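With the input below, show me the fold.
(4 chains)
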There are 4 protein chains.
Amino acid sequence: MGEVSPEVAEKVRKSFAAQSLMHTFGAELLRVEAGRVEIAAPILATALQQHGYAHAGLTFALGDSAAGYAALTVMPAEAEVLTVEIKINLLAPAAGDRLVATGHVVKAGRRIVVVKAEVSALQDGAARAVAILQGTMIPVTAG
Amino acid sequence: MGEVSPEVAEKVRKSFAAQSLMHTFGAELLRVEAGRVEIAAPILATALQQHGYAHAGLTFALGDSAAGYAALTVMPAEAEVLTVEIKINLLAPAAGDRLVATGHVVKAGRRIVVVKAEVSALQDGAARAVAILQGTMIPVTAG
Amino acid sequence: MGEVSPEVAEKVRKSFAAQSLMHTFGAELLRVEAGRVEIAAPILATALQQHGYAHAGLTFALGDSAAGYAALTVMPAEAEVLTVEIKINLLAPAAGDRLVATGHVVKAGRRIVVVKAEVSALQDGAARAVAILQGTMIPVTAG
Amino acid sequence: MGEVSPEVAEKVRKSFAAQSLMHTFGAELLRVEAGRVEIAAPILATALQQHGYAHAGLTFALGDSAAGYAALTVMPAEAEVLTVEIKINLLAPAAGDRLVATGHVVKAGRRIVVVKAEVSALQDGAARAVAILQGTMIPVTAG
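Predicted structure coming up:
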């Protein structure tokens, strides 16, 4: 995992900023490295499930986005990224103030990028793993 | 697939109403049958990805909820439902005005309920399949 | 689901015959249709898990192969098929004499083919669903 | 990851030995630690796919077994282990002489154990990652 070029960092930030759902969730891009991206979001009162924990839809959205942008950092400059499929295992109730998702590239192929992600919930300064994801991303080029 | 008792229908509606994320998404419970639940939501300007389609986080949240509530209809009266894990394959960009998710019970065990769901996007009156999900739900009882 | 051309049927049969594991399992190709393939195998004494049921490895191998060959029937003539990923949910112990796996194409894209499969166990003439699979196949061309 | 008691090690070895498919594949239990199990097998001429690589059914069977036995080491003494579901992403063709699968416990709950596994192929002394798996195991007790 090393640094990415300013162009790649900018491409990821621009794409992230264009996702209205990330704004709705108050999410922010914490870190963009080669093959590794971190995204965090507060657990807003508007994103809960029936017991007051973060909704799996929020946990999934952050994990999928972190994994997808991790994949984007290893794709050709002109490519954008698309999730083909992804699986999530929920490990614990997402209680707390904030979620942090870390996406990693497991295998960067020309046609397929295999990814994983972990999502943790922060409560009173302590982090607890709440989900792991494993999935497949592909590069897409416009036109 | 048959009718559910008024108690089960009420339990599902109450749980659904308690999910703030479903409100945020403008989602509504369309249909509750034994082992089959339908949820719909508009594709709001606040729930998009970077190309203007519905975000996979929205598609996932609806599919997961439809599958989870389908499982809840076949669980004991005192049980609530928890997603253990779920996998989504995205089939097409979720373009349009509205998403409809249908969850089904594949196998109702005492400890484990296996589920699947399909999500379609409605555009100009036509429906297009945008995702399929396959997962595992468990009953949880308070106390 | 319709008929396939003799060329496609022949391509699938040739590929299947070249899989030594299918011979080891005594598996046979029952049916090859456009987007739908059926494979069956006896539950041999050499393919069991610790309680005497068919091993999940056998169930998986049949389901994955049926799904992969279903995908192959909708790919270009020169392509071969590769499993990118696949998920299996086990529904019941695979007890009986014989397993039958049916693979289906859910969405045939140019780059990605989304598939599913069901596996049933036959015991005393009755069939019982033992597994469902959902996955992703890609076409590969030599050279 | 630490040592397991002789009783747990013996329980795993006995269960492994009772799986006829593991014998058919020539598989052996390399290592049993608390929450971590390693299984290896030669890539036999009887376990290949159509291009002469190890069949995904073999890769899956080893990864699933390593993950399942890793889960078994953290379950109560009287419990046996059952795979609820598992997903595999294939990373590269499984070329070589031998596969090694390592299973890990990610989260050990009372009702659900979340696991992952990696499978590598050894060729001319070098190891290459060929698959990763993520899944769910449950304890089952007879009677």
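
okay, CA-based contacts and neighbour counts for the rest of this
OK.

What's the biggest strand in chain A, counting residues?
Ranked by number of residues, the top strand in chain A under DSSP state E is strand A:126-140.

in chain A, which spans are helices?
Secondary structure of chain A (DSSP state H): helices located at A:6-17, A:20-24, A:56-72.

Flag the shaky bits of chain A, pLDDT-wise.
For chain A, residues meeting the criterion pLDDT under 70 lie at A:1, A:143.

Kindly report the residues of it close to chain D.
Neighbours of chain D within chain A, by CA under 8 Å from any CA of the partner chain: A:Asn89, A:Leu91, A:Lys107, A:Val114, A:Gln134, A:Gly135.

Looking at those, point me to the pair that's furthest apart.
By the measure CA to CA, A:Leu91 and A:Lys107 form the most distant pair in the residues of chain A next to chain D, at 24.2 Å.

re the thing from before, I'd like the helices of chain A written out as JSON lines, with mean neighbour count and distance to D:Gly26 added.
Converted to JSON lines, the helices of chain A look like this (neighbours: other CA atoms under 10 Å in any protein chain shown; distance: least, CA to CA, whole Å):
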{"stretch": "helix A:6-17", "mean neighbour count": "16", "distance to D:Gly26": "47"}
{"stretch": "helix A:20-24", "mean neighbour count": "21", "distance to D:Gly26": "50"}
{"stretch": "helix A:56-72", "mean neighbour count": "29", "distance to D:Gly26": "37"}
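
how about a markdown table for those helices, with distance to D:Ala77 added?
Converted to a markdown table, the helices of chain A look like this (distance: least, CA to CA, whole Å):
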| stretch | distance to D:Ala77 |
| --- | --- |
| helix A:6-17 | 48 |
| helix A:20-24 | 46 |
| helix A:56-72 | 33 |
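
Need the residues that contact stretch A:111-130.
Residues outside stretch A:111-130 that contact it (CA atoms under 8 Å, 6 or more residues apart in numbering or on different chains): A:59, A:62-64, A:66-68, A:70-71, A:90-108, A:131-139, D:89, D:91.

on that earlier part again, check which residues of the longest strand of chain A are buried.
A:Arg128, A:Ala129, A:Val130, A:Ala131, A:Ile132, A:Leu133, A:Gln134, A:Gly135, A:Thr136, A:Met137, A:Ile138, A:Pro139 (16 or more other CA atoms under 10 Å in any protein chain shown).

and the spatially most central residue of chain A, what does it touch?
Using CA atoms, centre = their mean, the residue of chain A that lies closest to the mean C-alpha position is A:Ala66, 1.7 Å off. Contacts for A:Ala66 (CA under 8 Å, 6+ apart) come out as A:Arg36, A:Val37, A:Glu38, A:Ile39, A:Ala101, A:Thr102, A:Gly103, A:His104, A:Ala117.

measure it to chain C for me?
With the distance defined as CA to the nearest CA, to the nearest Å, A:Ala66 ends up 20 Å from chain C.

Which residue, other than its chain neighbours, is closest to that residue?
With sequence-adjacent residues excluded and distances taken as CA to CA, 6 or more residues apart in numbering or on different chains, A:Ala66 is closest to A:Gly103, at 4.5 Å.

Which neighbouring residues are in contact with the one you found, exactly?
By CA under 8 Å, 6+ apart, the contact list for A:Gly103 reads A:35-38, A:63-70, A:115-118.

what do you get if the cut-off is 10 Å, keeping everything else the same?
A:32, A:35-39, A:62-71, A:115-119, A:132-134 (CA atoms under 10 Å, 6 or more residues apart in numbering or on different chains).

okay but A:Glu7 is in contact with A:Ala77, surely?
Yes - here A:Glu7 reaches A:Ala77: they are 8.3 Å apart, a contact under CA atoms under 10 Å.

What is the burial count for A:Gly2?
Burial of A:Gly2 is recorded as 9 neighbouring residues (other CA atoms under 10 Å in any protein chain shown).

now the residue nearest to A:Ala131 when sequence neighbours are not counted: how far from B:His51?
Closest residue in space to A:Ala131, ignoring its immediate chain neighbours: A:Leu90 at 4.4 Å, by CA to CA, 6+ apart. Distance of A:Leu90 to B:His51, computed by CA to CA, to the nearest Å: 28 Å.

Compare neighbour counts for the two and give me the winner.
Per other CA under 10 Å, whichever of A:Leu90 and B:His51 has more neighbours is A:Leu90, with 23 against 13.

was I right about that one contacting B:Lys87?
No - when contacts are counted by CA under 10 Å, A:Leu90 is not listed as touching B:Lys87 (11.5 Å).

Now list whatever residues contact both of the two.
Residues touching both A:Leu90 and B:Lys87 (CA under 10 Å, 6+ apart): A:Leu133.

Same list, the buried residues of strand A:126-140, but as JSON lines with distance to A:Val81 please.
JSON lines is the format used below for these (distance: CA to CA, whole Å):
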{"residue": "A:Arg128", "distance to A:Val81": "29"}
{"residue": "A:Ala129", "distance to A:Val81": "26"}
{"residue": "A:Val130", "distance to A:Val81": "25"}
{"residue": "A:Ala131", "distance to A:Val81": "22"}
{"residue": "A:Ile132", "distance to A:Val81": "20"}
{"residue": "A:Leu133", "distance to A:Val81": "17"}
{"residue": "A:Gln134", "distance to A:Val81": "16"}
{"residue": "A:Gly135", "distance to A:Val81": "13"}
{"residue": "A:Thr136", "distance to A:Val81": "10"}
{"residue": "A:Met137", "distance to A:Val81": "7"}
{"residue": "A:Ile138", "distance to A:Val81": "6"}
{"residue": "A:Pro139", "distance to A:Val81": "5"}
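
I'd say A:Ala18 and B:Gln50 touch.
Yes - using CA under 10 Å, A:Ala18 is in contact with B:Gln50, at 4.6 Å.

Quick check: nearest residue in space to A:Glu118, chain neighbours excluded?
Excluding the flanking residues, the one nearest A:Glu118 by CA to CA, 6+ apart is A:Ile132, at 4.5 Å.

Dig out what that neighbour forms beta bridges with.
Bridge pairing for A:Ile132 (DSSP bridges) gives the partners A:Asn89, A:Glu118.

contacting residues for it?
Neighbour list for A:Ile132: A:59-60, A:63, A:87-91, A:101-103, A:116-120, B:85, D:106, D:114, D:116, D:134 [criterion: CA under 10 Å, 6+ apart].

First-to-last residue distance for stretch A:20-34?
When the termini of stretch A:20-34 are compared using CA to CA, they are 25 Å apart.

ugh, wrong one, I meant stretch A:2-9
One end of stretch A:2-9 sits 12 Å from the other (CA to CA).

So is it next to chain B?
No - legend: contact between stretch A:2-9 and chain B by CA under 10 Å from any CA of the partner chain is lacking; minimum distance shown is 15.8 Å.

Chain A against chain C: which residues are in contact?
Proximity of chain A to chain C (CA under 10 Å from any CA) is limited to residues A:Val84, A:Glu85, A:Ile86, A:Lys87, A:Arg111, A:Ile112, A:Val114, A:Gly135, A:Thr136, A:Ile138.
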